[in-house]
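**Student:** how does the following fold in three dimensions:
(chains A and B)
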Amino acid sequence: GAGVSQSPSNKVTEKGKDVELRCDPISGHTALYWYRQSLGQGLEFLIYFQGNSAPDKSGLPSDRFSAERTGGSVSTLTIQRTQQEDSAVYLCASSLGPPGGAYNEQFFGPGTRLTVL
Amino acid sequence: DQQVKQNSPSLSVQEGRISILNCDYTNSMFDYFLWYKKYPAEGPTFLISISSIKDKNEDGRFTVFLNKSAKHLSLHIVPSQPGDSAVYFCAASVGGSQGNLIFGKGTKLSVKP
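**Tutor:** The predicted structure follows:
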């Protein structure tokens, strides 16, 4: 497919366990973003990767959250020692070029719904 | 502290009428604004955007208006169609090296036949 894909679509885990969420961006897109949407809230920025530059981690809510992007393509968001407040839909997006210009449009994946019991 | 606010969580409009979705922001550094549409169980999809150097951008049935002095933007959909029923998110960014979009909480639009 040509769009952004994410896996798994749903994840139920127990409090204290670690989880990994995967994002496959659109081929050729240099920028990749992670957001989360908690119930009744807007999309909250988490982290942004642009090419080979150091990622912008300013949105990560705690040091339990980390993300990596291997080979400038696939990204994995890891949440360690999950808490109930981590329950949310985690959305990945990619864009063709760096933001702020004509390529600012971000294409979103369908999201991963994480439920921490 | 919310930098992008969508104060109406929901809006109901009759098919064929105009839908007006509103968004306010507090950060005067924002220079790029976008609207996204989201259907249930899908990711948001880009709808329309506007740069702060403009006050209006039109694309078919969708028009976005920007009032910088009031730090307010709105999305007009005319005529509204039942397929427009979705959650609409307003987003803003600071251009250049900033990577993240700041989103509002969304407004759920229902267009009734």
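**Student:** contacts, neighbours, all on C-alpha from now
**Tutor:** Will do.
**Student:** give me the beta-bridge partners of A:Leu21?
**Tutor:** With DSSP bridges applied, the residues forming beta bridges to A:Leu21 are A:Leu77.
**Student:** wait, it sits on A:Pro8?
**Tutor:** Yes - in this structure, A:Leu21 sits in contact with A:Pro8. The criterion is Cα atoms under 8 Å, and the distance is 6.8 Å.
**Student:** ok, these two, which is more surrounded?
**Tutor:** Taking other Cα atoms under 10 Å in any protein chain shown, A:Leu21 and A:Pro8 do not tie; A:Leu21 has more neighbours (23 against 14).
**Student:** distance-wise, check B:Asn22 relative to B:Ile102.
**Tutor:** Distance from B:Asn22 to B:Ile102, counting by Cα to Cα, to the nearest Å: 15 Å.
**Student:** touching stretch B:100-113 from outside, list them.
**Tutor:** The set of residues external to stretch B:100-113 that reach it, using Cα atoms under 8 Å, 6 or more residues apart in numbering or on different chains, is A:33, A:40-45, A:47-48, B:2-6, B:8-15, B:21, B:23, B:80-93.
**Student:** quick check: PyMOL command selecting the buried ones in the residues you listed.
**Tutor:** Buried residues within the contacts of stretch B:100-113, as defined by 16 or more other Cα atoms under 10 Å in any protein chain shown, are selected in PyMOL through the command that follows:
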select buried, (chain A and resi 33+42+43+44+45+47+48) or (chain B and resi 4+5+6+13+15+21+23+80+81+84+85+86+87+88+89+90+91+92+93)
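**Student:** name the nearest residue to residue 25, ignoring sequence neighbours.
**Tutor:** Picked chain A for this. A:Val4 (4.7 Å; Cα to Cα, 6 or more residues apart in numbering or on different chains).
**Student:** was after chain B, sorry
**Tutor:** Sequence neighbours aside, B:Val4 is the residue nearest to B:Tyr25 in space, at 4.4 Å (criterion: Cα to Cα, 6+ apart).
**Student:** that neighbour against B:Phe30, yeah?
**Tutor:** No - B:Val4 lies out of contact with B:Phe30 (Cα under 8 Å); the separation is 10.0 Å.
**Student:** which residues are common contacts for the two?
**Tutor:** B:Ala92.
**Student:** centre of the chain to stretch B:43-51, how far?
**Tutor:** Between the centre of stretch B:43-51 and the centre of its chain there are 8 Å (Cα atoms, centre = their mean, to the nearest Å).
**Student:** secondary structure element holding residue 35?
**Tutor:** Picked chain A for this. Under DSSP states H and E, the secondary-structure element containing A:Tyr35 is strand A:31-37.
**Student:** actually it's chain B I care about, not the one you picked
**Tutor:** Per DSSP H and E: B:Trp35 is located in strand B:32-38.
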